[in-house]
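> Test case, fold it:
(chains A and B)
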Amino acid sequence: MSVQAAALHASRAAARSRARERWRAALRSKTLLAGVSILGFWIVCALAGARLAPLDPYADDLLATLAPPSAAHWFGTDQLGRDIFARVIVGARDILIVAPLATLLGTVLGTALGLALGYVRGAVDEVASRVIEALQALPLVIVALMALAAVGTSDLTVVLVIGFVFTPLIARTVRSAVLVESELDYVAAARLRGDGTLAIMFVEILPNVLPIAVVEMTVRLGYAIFFVASLSFLGFGIQPPSADWGIAIAENYSLVGSYWWTVLFDAAATASLVVGVNLVADGLAGVFEA
Amino acid sequence: MSAAVANLTRDGDGDRGLAGDALRIEHLEVSYRVGRRERKVVSDVSLAIRRGESYGLVGESGCGKSTVAFAAARYLARNGRVSGGRIWVDGRDLWSLSARQLRSLRTHSVAMVYQDPGRALNPSMRIGRQMAEVFEVAQGLTGRAALERAVHMLARVQIASPDRVLRNYPHELSGGMQQRVVIAMALSMSPELLILDEPTTGLDATVEAEVLDLIGRLHAELGNSILFISHNLPVVARMCDRVGVLYAGELIEEGPAAEVFGDPRHPYTVGLLRCMPTYGMRKNDGRLETIPGFLPTPGTITGRCVYADRCGNATERCRVEAPPPVDLGGRTARCFYPERAPGLPRQDLAAPPRGAAAALTARESKSNDGPLLSTRNLSKTYRIAGRALRAVHEVTLDLWPGETLGLVGESGSGKSSLAKLLVGLSSPDAGSEVKLHGEALPASADDRTLEQLKALQMVFQNPGSALNRSQTVRRLLARSLRLARLVGAAREARIAQLAASVRLTAEHLDEKPRRLSGGLKQRVGIARAFAGGPRVVVCDEPTSALDVSVQAAILNLLVELQAQEQVGYIFISHDLNVVHYLSDRIAVLYLGRLMEMGPADRVFSGPHHPYTEALLSANPSLKDEDARRIHLSGELPNALNLPSGCVFHTRCPRKLGAICEREEPPLAEAEPGHAIRCHIPPDLLGRARPRHG
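Model (predicted):
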């Protein structure tokens, strides 16, 4: 028995070291680290907002409209003379509320739907899977635009619409993972002890497909940020007077020839946020696979 | 190190010198990089295979057998490296070769056959193209000439219609045929050294026997050297001149096969041989011997004997000093006390376990309650593209309390389909009946009451897949106790009791399955099946994913639990010795039909069905030197297109004639309680020849 205990301790130590190994892999992963740094920077901006900005992002200065970058205004000023540096910092807030909420909604609904389709299967799954494929063929921005035009646009409706648009996409990924899990004998064992369909789906299978759902969620978050920025640019996303980057680009893009700074910094901010989130997604997928 | 190696090489006597060896490995060390750490998985392995010799490397999973084989072809995984020692193939130092020389060596001198032939063949290429390619690359032959050589090679591995096979894609061939094609390709350049890595592990017993015969004959014909890797001791005993036993990355014993298996000199070899159920051993004869403790992770034990913790002969010296290989005259054992190995203390295998004998009498008196579980005309037909696939056909059987009914047959015989029908994981055809205690059971587990579910449980083949990896053992068992409607302290107490009954410690309960070894996982699987106090447990190959030393402990456990709880087992296994050990009665399935059913001893001793006879003769045994093996011609017929009359007539070595093609024989009693489905009268059917051992 002492041998058994010793072996167990060895296996525990191995397991602990595996956990540590994974943690180290996470820390070692330059991709993940870079992504977390970028994302962290924007989250700090979103939280601190105006307190971080040297100037008031909402204050007009009609004597200094469209001023190029200078010591006073690092990123220059816009058509109303507002400080672009301050506005880029504050502009992180709305998109960092709307995009993650929309992604979370899509992930929760998508995971539930994917579990149901993958485990129950049958005719419902056949039909739903074809519908999902059909939806994927449509340009999602157009679908979302039409929906927002119909229900009216606000932060809440943007969250709902993007969430619903993402649901089938995430459901598809989760479903294929659930199909694999359903074939494993632990599901058969659960049936043999009388577990109901819901218990098997949510208690037995869900924990095992969660890592896949989490990685899918981070990937979708990158899309969602781009999605929200696009909608805002088109006037159907976040609404003025927010300092949102998409709105800023929409307001100023006609001036880009002579007043490049009015667009460049907002565009770069959007791009860096998307890249940051995608780096996190790549890094997480790598760590989960290791 | 290199000085020592050079020394050894020079001192090697003429006979075992470099020139005479197809493969020579000296002080091989291989490490794998895991994360940032190096883990040594093979340490100080030295062996030599002479020209024309066949050498077996045996050991349990994770002992480093395949790593040695890959190293011998200089084909280690990316994270693996040879950290010490040298290897010569055909007299050439493997690590001094340039990339081109290595390629040429692999083309002409070394060939390797892997476990899974399906993955060794390119699925999108016809067999002809794949085989011709070998000749095109190696010999510069083209078109017609290359194809002709391919036909020649296929004929050599006894493929009856090579022209047809050449036009097939790999998926159109059975596993046995695929493996023959792979062997043909491996042999096409007449390599000096053929490495076979578990070449028959994925094959059925009858196919395995054929492939082994083929390898044996080719070896005799071609005179090449073979490195044969297997976990299956009887197979190695049959195939090899010399064997090496690996344990935790060390070669602990090495020598001529007959000597190593007949008179082992390392306690591990002794233990391994003792824990296999031998031919004819029965559960009533006593428990199986086991090896205490667990397999260590290779590379974790240094500076002392790797086996000391599990060894009955170990002394203080073994725990502070690593034994070197001790020369015993043509063989070596890495043990300080090789002479004591035969006297390794036996475990107390006290008398037949309580109740097992009682169970037998209970059955003989046919306890008034009638059978525990019975089926009448149980059938399962799958519809595939409008055609009927009869997976199980009109199976009628009874299981009595405390009895084990063994189910045997090749893959595709319907064993697992039958198991699923019984527990309700799939639903039988209309007209089928499954009764528990004389009461009809709903077809699907989802419609059964908790009482019914509780009574009929299952132990699965692969414990890794059968345990939810996100739950701790405690939670796994707790969820199964739902069936017993236990909560709170009562439930905790029952969990502790269950864990104790399968010898899991309290610490195991808070672990997740991936931290447990295969054997421990299977114990959890068994504990789960017994959670609700079942009456019948269906065991679907419960030990086939486990190592020999672990298998014995699991079989002992099943016997004990049966004796205590008087449960009935339906026990499925492809290992006839295991089935014989555990079963009171045996049912033989072929293409979903019962071909024979009767008391285990009677089925084994005969008269038996020609199919049973073939299965028994394919069963490898350590002491079987009998060459009179019965061969089944052809392959398992396509289940979508069953033969007329007796379904076995296409392969039957004792086919009578037209009657077998016309009429399906009834399952008739050959003697009381022993039924056989054959037109041949019972007294003319085969009987076992007396075996020694």
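> Could you use CA atoms for every contact and neighbour count after this?
Will do.
> Residue of the stretch 451-600 of chain B nearest chain A, please.
Nearest residue of the stretch 451-600 of chain B to chain A (C-alpha to the nearest C-alpha) works out as B:A466 at 4.1 Å.
> isn't that residue right next to A:A189, touching?
Yes - applying C-alpha atoms under 8 Å, one finds B:A466 in contact with A:A189, separated by 7.0 Å.
> So what touches stretch B:467-483?
Taking contacts as C-alpha atoms under 8 Å, 6 or more residues apart in numbering or on different chains, the residues outside stretch B:467-483 that touch it are A:185-186, A:190, A:193-194, A:204, A:207-208, B:450-451, B:453-454, B:491-492, B:495, B:508-514, B:521, B:524-525, B:527-528, B:531-532.
> Any of those buried? List them.
For the contacts of stretch B:467-483, a burial check counting by 16 or more other C-alpha atoms under 10 Å in any protein chain shown picks out A:185-186, A:190, A:193-194, A:204, A:207-208, B:450, B:453-454, B:491-492, B:495, B:508-509, B:511-514, B:521, B:524-525, B:527-528, B:531-532.
> Verify the stated contact: B:P338 with B:H266.
Yes - between B:P338 and B:H266 there is a contact under C-alpha under 8 Å: 5.9 Å.
> could you list every residue that touches the residue of the stretch 451-600 of chain B closest to chain A?
So B:A466 contacts A:184-189, B:460, B:525 (C-alpha under 8 Å, 6+ apart).
> Phi, psi for it please.
phi -90, psi -10 (degrees, to the nearest 10).
> do the one 5 residues further on as well
Phi and psi for B:Q471, reported as degrees, to the nearest 10, are phi -110, psi 150.
> Get me the contact residues on the stretch 101-250 of chain A for chain B.
Within the stretch 101-250 of chain A, the positions adjacent to chain B are A:184-194, A:204, A:207-208 by C-alpha under 8 Å from any C-alpha of the partner chain.
> mind redoing it with 6 Å?
A:184-186 (C-alpha under 6 Å from any C-alpha of the partner chain).
> So which of these sit within helices?
Using DSSP state H, the subset of those located in helices is A:185-186.
> Redo the residues of the stretch 101-250 of chain A next to chain B as JSON lines? Include pLDDT.
Below are these laid out as JSON lines (pLDDT from 0 to 100):
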{"residue": "A:L184", "pLDDT": "94"}
{"residue": "A:D185", "pLDDT": "94"}
{"residue": "A:Y186", "pLDDT": "95"}
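> Turn the residues of the stretch 101-250 of chain A next to chain B into TSV, including distance to B:V423.
Conversion of those to TSV gives the following (distance: C-alpha to C-alpha, whole Å):
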residue	distance to B:V423
A:L184	16
A:D185	13
A:Y186	14
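> Let me know the distance separating B:G412 from chain A.
Using C-alpha to the nearest C-alpha, to the nearest Å, B:G412 is found at 19 Å from chain A.
> Could you do B:G657 as well?
44 Å.
> gap between that residue and B:E613?
19 Å (C-alpha to C-alpha, to the nearest Å).
> Neighbour count for those two, which is higher?
B:E613 (23 against 9; other C-alpha atoms under 10 Å in any protein chain shown).
> three-state assignment of that one?
When classified by DSSP: H, G, I helix; E, B strand; the rest coil, B:E613 comes out as helix.
> What about the residue nearest to it when sequence neighbours are not counted, how many residues nearby?
Using C-alpha to C-alpha, 6 or more residues apart in numbering or on different chains and skipping residues adjacent in sequence, the residue nearest B:E613 is B:G686, 6.8 Å away. When neighbours are defined as other C-alpha under 10 Å, B:G686 has 18 of them.
> Quick check: B:G686 touching B:P607?
Yes - shown here, B:G686 and B:P607 form a contact pair, counting by C-alpha atoms under 6 Å, at 5.4 Å.
> Over to the residue lying closest to B:S109 once chain neighbours are set aside: give its phi and psi.
Distances taken as C-alpha to C-alpha, 6+ apart put B:P191 closest to B:S109, at 4.3 Å, once the chain neighbours are dropped. Note on B:P191: backbone dihedrals following degrees, to the nearest 10 are phi -70, psi 150.
> what's the answer for B:S374, then?
Torsion angles, degrees, to the nearest 10, at B:S374: phi -140, psi 150.
> Near chain A, which residues of chain B are found?
Counting by C-alpha under 6 Å from any C-alpha, chain B sits next to chain A at B:293, B:465-468.
> Lowest-confidence one in those?
Note: of the residues of chain B next to chain A, the lowest pLDDT belongs to B:G293, at 80.
> which residues of the chain score low on pLDDT?
Defaulting to chain A. Along chain A, segments meeting pLDDT under 70 span A:1-19, A:21-22, A:289-290.
> Switch to chain B, please.
B:1-19, B:348-369, B:622-629, B:634, B:689-693.
> for the spatially most central residue of chain A, what are its contacts?
In chain A, the C-alpha nearest the mean C-alpha coordinate belongs to A:L221, at 1.4 Å (C-alpha atoms, centre = their mean). For A:L221, the contacting residues are A:T103, by C-alpha atoms under 6 Å, 6 or more residues apart in numbering or on different chains.
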